[in-house]
Every structure is written in C-alpha cells, then in structure tokens.
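Q: sequence and predicted structure below; questions after.
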Amino acid sequence: MSQLEIRSAHKQASRFSHKPVKSLWTVLAALLVTCIAPSVTGASKTVIHEERSLYTSILVQQQRDLLCLNFTLKRADSSQSCMDVKNPKRMVFAYTRMVMSGLLFTPNPKNIMIVGLGGGTLPVALNEILPEAKIQTVEIDPAVIGVAKRFFNFTESANNKIIQQDARVFAKRAALQKQQFDLIILDAFNGDYIPEHLMTQEFLTEVQSLLTPGGVLVANTFASSDLYAHESNTYKEVFGKFINLRGRDSGNRIVIVPQGSISAAQRAPISRDSLLAQADILAPVLAPYAIPIKRLAKDILKSINAPADWDQDKRTLTDQYSPANLLKN
Amino acid sequence: MIPIIHLLAFCGGFIIMSFELLGGRILAPYFGSGVYVWGSIITIFMLSLAIGYLLGGRLSVKNPSPRKFAGIFAISAIFLYPMVLYAQPVMEFIFLQIEDPRYGSLTAAAFLFMLPTIILGMISPYSVRLLVDNVEESGKVAGALYFTSTLGSAIGTLVTSFYLVLWFEVNTIITILTLILLSIGLIAWFLAPDQLTASKKTENDDSLDD
C-alpha cells in the first residue's frame, strides 16, 4: 500500500523535474505525502509493533483479522507468518500446511526439532496435536522469540521449548549428545537473508545424523531462482531420493525425506494405500488447522515419481561453497 | 621501486580483507553466523594488525631491505596456507572444549587468523620505511601508502564478497591468496636491489645528524 504511494509520489516528482527549484518543492511535498498517507489510508493495515533486532527488522501488523509478522520493511507484502485472530488455529500459509504433511510419514513423533520459530505457527500446532511430543524449536533471534510470545500466543512449556541458538551450533551439540528426533523441520530463512551455513551438504548430513531410523525430515526450501536447483542437488547428494512437494497455487516447495537416516536404497517403498489411510486418520485432527491432508497425500503420491525439474548440473552447496544469498538473485 | 612497493602494499591490504571475509565462512559451520562471530573475527583481526604494525615498525629500524620485505610476504604465505589443512580439526577441538559459541569463536579466530594477520600487518610500516627519503616527506609517503593499502583492502572486500565466493571454494581462494603472497614476495626479492635502500639509509642518517 504505502510502497505504491511512495512509488507514485516519486513518479510525480520526476515528471516535474525540469525546473530544479520546483522539483525540490515537489520532492518535499511528495515526502510529506508519503509520511501522512499511511496514517490516512492505512486503516486496512495497522502496525502493531516495530522492532529492529540484531538480525532483521521485525514488523507486526494487522489487516482485518490477520495478524502478520514481517521480517522486512522493503517488501511489506511478504509476511513470514500470519495468524487469523478470529480462528488462530487456521494455518494461513500454504507452506505451513504443506510442512504438516510430514506427519503422514511419522504419525506419532515423540521428539521434534524445528529450526526457525517465526510466529510459532508450527510448534504451537504440533504441541496442540501431539501434547506428549517433546518439541525443541531453535531460533537465533531473541527478538523473534519475544514477538512470538507477545503477539502470537506462543507459550513455552516443558514439551514446547525454545532454544535461542544458531541452528548449526545446536545441531552439532545435539549430535554430540546423541540426541535423536522423529521429525525435524527446517524453516530457517526469511525473504531477505539466508543463513548460508544452514543450506550446505555438511549441515544436512549433521541433521541426518539426528534422525531416528524412521525419522522424517521436512524442509521449507526455495522454489525459484538458481537456488532451487542448487538446493535440490544438495538434498539429492545427502539423501539420495526425496519427495519434492510443490504448492498447487503457491510458489512453495517442501522437501520431505521419510526414513531420512537410512540410505535411499534401503528405505521401505511408500505404499499408496497406507499413505491414503494415514491421511484419512489425520484428516479430522488436522481439519481445525485447515490442512487439506488428503489432497496433500495425493500430491505427494504424484510427486514421488516425478522427474527432476531442475538443472542437475548446478553445484551442490557445501561449507566451502555456499553463496546462497548471491544465487538467490 | 616506488610503484612496486605500492603494488605490494595494495596486495597486502587486499589479502588482509579477503582473508577476514573468508574468516566468517570458515567459522560458521562450528560457531554459527551470529553477530558475535563477526565480533570475534574483527576483534582478532584488529588486535593482530595492531601487533603487526608494532613489529613491522620495529623490524624496519635495523638494516631495512627489500629482501627482508620479501621475507614478510613469504612468511605470511607460510602461516596462511595451513588454514586449508588444519582449520577443521582446530575448530573441532575448540568446539568440544568451549560450549559458549562466543568464546569458542573468539578462541578459534585467535588460533586460526592471528599469526598470518600479524605478519600481514607488518607490511604497511615496513613499506613506509622503504619509501621514506626524508623527514619532510614522511607524512606524505605514509599517507600515500595508507591510501594504496586501504584501497587494496576495499577492493579485496568487494571482489571476495561479490565474486570470489561465487566462483570458488573457500580453500581455493585461500590457496590463491597464498600464491599471490608468494609471487609478490618474489617480485620484491628480485626486482628491488638492496643497494637502493642502503644508499637511502645513509642519506637518512646524514639528515638525522644535521
């Protein structure tokens, strides 16, 4: 909204720019307009909270019933996490609903690790659905933790813990302590900056070592730019085969690796019937979250044998070579 | 002689900042990429450069020669290259000893980056000594050398972060930096005759006596 106004103000300013004095006044007027305009027309989007953390700018804003967390001021449209205030359980974003389809492969995970807290949508939902499961969410930014607790109903409990740490450090320590997880969810990047050391073959290998034999890895990854190919090849390098689940009507891509700790050749094949049966069981549980699990199960079955739709010659990302932020453009 | 010394100072500046940027890459797998990791790296680089300036200045007092200058480059190359071989086991060891990633990254940065950076820091004061003819011009000469070496740092930062990490692996870049150090060391060794500075030295001594 306000971005468009800034742009149109700039356009107007440049239209009158042939006389320098006049153009100065036009620019000043335009600046004034952009300062006042949001408060006049911003009735639809209200800024609830603004904060600059060590890692990002945090913006919490409400538009009608949607309370959203943004990590960037540049692209005010790209929200990190949104909550429907009237129906907090409803998962607003397609990618979070897609991530939840990981439960098809591990219906009753006892230990869950989540990298990246955001608004806390995933840990809150998983904790509600599986109150017995021990969930550890790793988030580097203390400001994000504060915002999730203050605005997005996140409450820490014995079974729903937040660890304020770099996920790479956490993964290494967890491996040393021989921790194992039945479900690991990677959701660690926001639109602006990608933690490059969390995209590498070495990191994924460390994560792999944290999975129980039947454990499932679910990762929210890049669906466009060169990074899509580089990342796909990196997952392929570590896990051999993986499920490449692309959103039907959103630009998301979720990587799912069932039985990720064992080599692709040794994994039990995914049975169509048991997956659909599992979806039937999960459907009523996931219904309050607006997760179309039966549809997702069908999409997964379709994608299992789909050929690679990316350039398989692109280099894998390693600790030695990981210019993810440069490849994104 | 003068343009060559400036070229060497430029390369020194380039390599220092290229190396510093790679430092972030090297530490990230063990200590993350939090602000504290950059804090550790910058602290160690500043501290090492401070020591290097002091040592380089001291070294330049007695019989300064382009051959000794060449030696600085060779020694820095010798200290820089082991990064390729030993960075991982060193970090592994420190990671196991120190739980707090702040002090872990600081210790790792000290062990990995300090020695080569101290030697690289010696280049600037030593170049000043080689180029200063008289007291009146000393400030001008030092200023010009700060200019070239800092310009080298700026370009080293840019080239590394924009392009080198996109084209090469970290270890390849460090190998390239080592080779640059060795070859410019050779240039210093062969192209700059010892006598030139020897004559300068006597001139300086004379002017000091006046």
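A: Sure thing, it's come through. Numbering: from 1, shown residues only, chains lettered A, B, ... in the order given.
Q: check contacts around the single nearest residue of chain B relative to chain A.
A: Proximity of chain B to chain A (Cβ to the nearest Cβ) peaks at B:G32, 2.6 Å away. (Glycine included, C-beta is placed from N, CA and C.) By Cβ atoms under 8 Å, 6 or more residues apart in numbering or on different chains, the contact set of B:G32 is A:I140, A:Q165, A:D166, A:A167, A:R168, A:V169, A:H197, B:P101, B:S105.
Q: looking at neighbours, which among the residues you listed is most surrounded?
A: Among the contacts of B:G32, B:S105 has the most neighbours (other Cβ atoms under 10 Å in any protein chain shown), with 32 neighbours.
Q: pretty sure A:T121 is in contact with A:S81, am I right?
A: Yes - taking Cβ atoms under 8 Å as the definition, A:T121 is a contact partner of A:S81 at 5.6 Å.
Q: neighbours of the closest residue to A:K45 other than its chain neighbours, how many?
A: Excluding the flanking residues, the one nearest A:K45 by Cβ to Cβ, 6 or more residues apart in numbering or on different chains is A:Q63, at 4.6 Å. When neighbours are defined as other Cβ under 10 Å, A:Q63 has 15 of them.
Q: who's A:Q63 bridged to?
A: Applying DSSP bridges to A:Q63 gives these bridge partners: A:K45, A:L66.
Q: what's the burial count for A:S274?
A: A:S274 has 11 neighbouring residues, counting by other Cβ under 10 Å.
Q: got a list of what the closest residue to the residue of chain B closest to chain A other than its chain neighbours touches?
A: Counting by Cβ to Cβ, 6+ apart, A:D166 is the residue found nearest to B:G32 once chain neighbours are left out, at 2.6 Å. The contact partners of A:D166, taken as Cβ under 8 Å, 6+ apart, are A:I140, A:P195, B:F31, B:G32, B:S33, B:G34, B:P101.
Q: sorry, back to before: isn't the residue nearest to A:K45 right up against A:I48?
A: No - with contact defined as Cβ under 8 Å, A:Q63 and A:I48 do not form a contacting pair (10.6 Å).
Q: which of the three states applies to A:I112?
A: Counting by DSSP: H, G, I helix; E, B strand; the rest coil, the backbone at A:I112 sits in strand.
Q: that one against A:Q136, yeah?
A: Yes - assessed by Cβ under 8 Å, A:I112 is found in contact with A:Q136 at 7.2 Å.
Q: between those two, which is the more surrounded one?
A: A:I112 (26 against 20).
Q: that one bridge partners, please.
A: A:I112 forms beta bridges with A:I135, A:L183, as assigned by DSSP bridges.
Q: okay, it: pLDDT?
A: pLDDT, A:I112: 98.
Q: ok, now the one 5 residues further on?
A: Looking at A:L117, its pLDDT stands at 93.
Q: that one against A:Q136, yeah?
A: No - A:L117 is beyond contact range of A:Q136, at 10.9 Å (criterion: Cβ under 8 Å).
Q: what about the residue of the stretch 51-200 of chain A found nearest chain B, distance to A:L198?
A: Closest to chain B within the stretch 51-200 of chain A is A:D166: 2.6 Å, counting by Cβ to the nearest Cβ. Separation of A:D166 from A:L198 (Cβ to Cβ, to the nearest Å): 9 Å.
Q: so for A:T121 and A:S81, which residue has more residues nearby?
A: A:T121 (30 against 26).
Q: now do the contacts for the more buried one.
A: By Cβ under 8 Å, 6+ apart, the contact set of A:T121 is A:S81, A:M83, A:M91, A:F93, A:T96, A:F152.
Q: which of the residues you listed come close to chain B?
A: Filtering the contacts of A:T121 for proximity to chain B by Cβ under 8 Å from any Cβ of the partner chain leaves nothing.
Q: just among the residues you listed, which is most surrounded?
A: Ranking these using other Cβ under 10 Å puts A:S81 first, with 26 neighbours.
Q: average pLDDT for the helix or strand harbouring that one?
A: Assigning secondary structure by DSSP states H and E places A:S81 in strand A:79-84. On average, the pLDDT along strand A:79-84 is 84.
Q: and the residue of the stretch 201-329 of chain A that's closest to chain B?
A: Across the stretch 201-329 of chain A, no residue is closer to chain B than A:Q320, which sits at 3.7 Å (Cβ to the nearest Cβ).
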